[in-house]
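Asker: quick one: sequence plus predicted model below, questions after.
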Amino acid sequence: MDNSIVFFAGSSHPELAQEICSELNILQGEISIKTFPDGELSIEILEDVEGRDVFVLQSLSGHPSHYLMELLIMIDALKRSSARNITAVVPYLSYCRQDRRDKPGTPITAKLVANLLASAGISHLITCDLHSDQIEGFFEIPVTHIHCQKLLSEHIKKMSEDNFIIVAPDMGSLKIAETMARSMDAELAVIKKNRLNAFDVDMTLIGDVRNKNVLIPDDLCSTAGTLVSAAKLCQEKGAKQVIATATHGLFVSNALDKIESSNIAFLVVSNTIPSHSLSSKITYVTISTLLADAIRNISKQRVNFSHCC
Ligand code: R5P
């Protein structure tokens, strides 16, 4: 049992918390998370964390604002209990899609969330596939940014022997698609996407997918509008089979029905967000090893640092 790692989890993703603890061979820190009669959160750390390096897991999906507040309060409680360092482990960091002002009167919520986490007291963030790499720069603390394309592509290679062309479903996903293409030694094409509203998109394919198997990777699948429209377009342009990956499977609204009735043969997602899918087309791949490795590395560096200084 590794006693150097103190690990707490919020209430958003108990299965992943358990998986990480098993990987690290540690027990979860005891914490009480309740609600006051007026709806406010009541949180109490039930372990001695004085002078310890602490890790806190919370994935900000499902009820993003609630879970963010829960995380901020946990960090505050840990800081006031004299934890030495607090690392937030946030596999899915919500509010990141608003990472720039595209019209007057709008906020930059990604920067706001970075500010909130920093002022609450974290000294390090571990997260997976941020909506854009530049969001890392919104934090004045170290960010361990885990990219999940290798994990997802390795799973695809196990499921299918075929060669693929990788199609980025929009310009924003080009970097992810490039990483995927490199890891699968595949060609690359891209779709130019114009979002008409929260649910509808207009798309143009740049590249040739005729008679090819297509793999469409995205950072997240929310309403599934992007992946389903991209898959339909690829089929119309002559693709043989279309499969897809997404790091974050939010699956809001009727996303699962849309995927079921689409031409996507199967979709592989990571479990940054709890799996609630009953769709036969969706396979989950766990990121627990990647997160446990990141936690172990940070913990080791801290132990080495405290021994040498
Ligand atoms: C867009 O910039 C993102 O990379 C995703 O393509 C998008 O957010 C997915 O949303 P939906 O599933 O609702 O189309």
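Answerer: All right, it came through fine.
Asker: please enumerate the strands of the stretch 151-300 of the chain.
Answerer: 164-168, 187-195, 201-206, 213-221, 242-249, 264-270, 282-285 (DSSP state E, counting those that start in this stretch).
Asker: up against the ligand, what does the protein have?
Answerer: The interface of the chain toward the ligand, taken as CB under 6 Å from any ligand atom, is made up of 97, 169-170, 172-173, 218-226. Every C-beta, even on glycine, is put in place using the N, C-alpha and C of the backbone.
Asker: mind checking which of these land in helices?
Answerer: Members of those lying in helices (criterion: DSSP state H): Gly225, Thr226.
Asker: are any of the residues of the chain next to the ligand buried, and which?
Answerer: Burial by neighbour count, judged by 16 or more other CB atoms under 10 Å, picks out 169-170, 172-173, 218-226 from those.
Asker: still on that earlier bit, reformat the residues of the chain next to the ligand as CSV; add pLDDT.
Answerer: CSV is the format used below for the residues of the chain next to the ligand (pLDDT from 0 to 100):
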residue, pLDDT
Arg97, 93
Pro169, 96
Asp170, 93
Gly172, 90
Ser173, 93
Asp218, 97
Asp219, 96
Leu220, 96
Cys221, 96
Ser222, 95
Thr223, 93
Ala224, 95
Gly225, 91
Thr226, 92
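Asker: mind putting the residues of the chain next to the ligand into a markdown table with distance to Gln18?
Answerer: Shown next, in a markdown table, are these (distance: CB to CB, whole Å):
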| residue | distance to Gln18 |
| --- | --- |
| Arg97 | 29 |
| Pro169 | 33 |
| Asp170 | 35 |
| Gly172 | 33 |
| Ser173 | 31 |
| Asp218 | 27 |
| Asp219 | 25 |
| Leu220 | 24 |
| Cys221 | 24 |
| Ser222 | 26 |
| Thr223 | 30 |
| Ala224 | 28 |
| Gly225 | 33 |
| Thr226 | 31 |
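Asker: out of the residues of the chain next to the ligand, who's nearest Leu205?
Answerer: Pro169 (10.0 Å; CB to CB).
Asker: okay, now the closest residue to that closest one other than its chain neighbours: neighbour count?
Answerer: The spatially closest residue to Pro169, leaving aside those adjacent along the chain, is Ala230, at 4.0 Å (CB to CB, 6 or more residues apart in numbering). Using other CB atoms under 10 Å, Ala230 has 27 other residues around it.
Asker: quick check: Ala230 vs Ser261, distance?
Answerer: 15 Å (CB to CB, to the nearest Å).
Asker: likewise Ala198?
Answerer: 20 Å.
Asker: about what we covered before: just the closest of the buried ones among the residues of the chain next to the ligand to Lys240, please.
Answerer: Closest to Lys240, out of all of these and judged by CB to CB, is Pro169, at 18.0 Å.
Asker: OK, contacts around that closest one?
Answerer: By CB atoms under 8 Å, 6 or more residues apart in numbering, the contact set of Pro169 is Ile191, Lys193, Met203, Ile216, Pro217, Asp218, Thr226, Leu227, Ala230.
Asker: widest-spaced pair of those?
Answerer: Applying CB to CB across the contacts of Pro169, the maximum distance is between Met203 and Pro217, 15.6 Å.
Asker: what helices or strands is the lengthiest helix in the chain leaning on?
Answerer: Counting by DSSP H, the longest helix found in the chain is helix 288-308. Packing contacts for helix 288-308, counted by 3 or more CB pairs under 8 Å, 6 or more residues apart in numbering; DSSP states H and E, involve helix 14-24, strand 53-57, strand 85-90, strand 124-128, strand 143-146.
Asker: what about the nearest residue to Lys258 once chain neighbours are set aside, distance to Ser262?
Answerer: Sequence neighbours aside, Ala224 is the residue nearest to Lys258 in space, at 4.6 Å (criterion: CB to CB, 6+ apart). Distance of Ala224 to Ser262, computed by CB to CB: 8 Å.
Asker: cool, Glu154 as well?
Answerer: From Glu154 to Ser262 the distance is 24 Å (CB to CB).
Asker: can you check Ile33 too?
Answerer: For Ile33 relative to Ser262 (CB to CB), the value is 38 Å.
Asker: the more surrounded of those two?
Answerer: The neighbour count for Ile33 versus Ser262, taken as other CB under 10 Å, is higher for Ser262 (20 against 15).
Asker: how far away is the more buried one from His63?
Answerer: Taking CB to CB, one finds Ser262 at 27 Å from His63.
Asker: and stretch 31-46, how far out from the chain middle?
Answerer: 26 Å (CA atoms, centre = their mean, to the nearest Å).
Asker: residues in contact with it?
Answerer: So stretch 31-46 is contacted by 8-11, 29-30, 47, 69-70, 73-74, 77-78, 81 (CB under 8 Å, 6+ apart).
Asker: mind running it again at 7 Å?
Answerer: With contacts defined as CB atoms under 7 Å, 6 or more residues apart in numbering, stretch 31-46 is touched by Phe8, Ser11, Glu30, Met69, Glu70, Ile73, Met74, Ala77, Leu78, Ser81.
Asker: sounds good, over and out.
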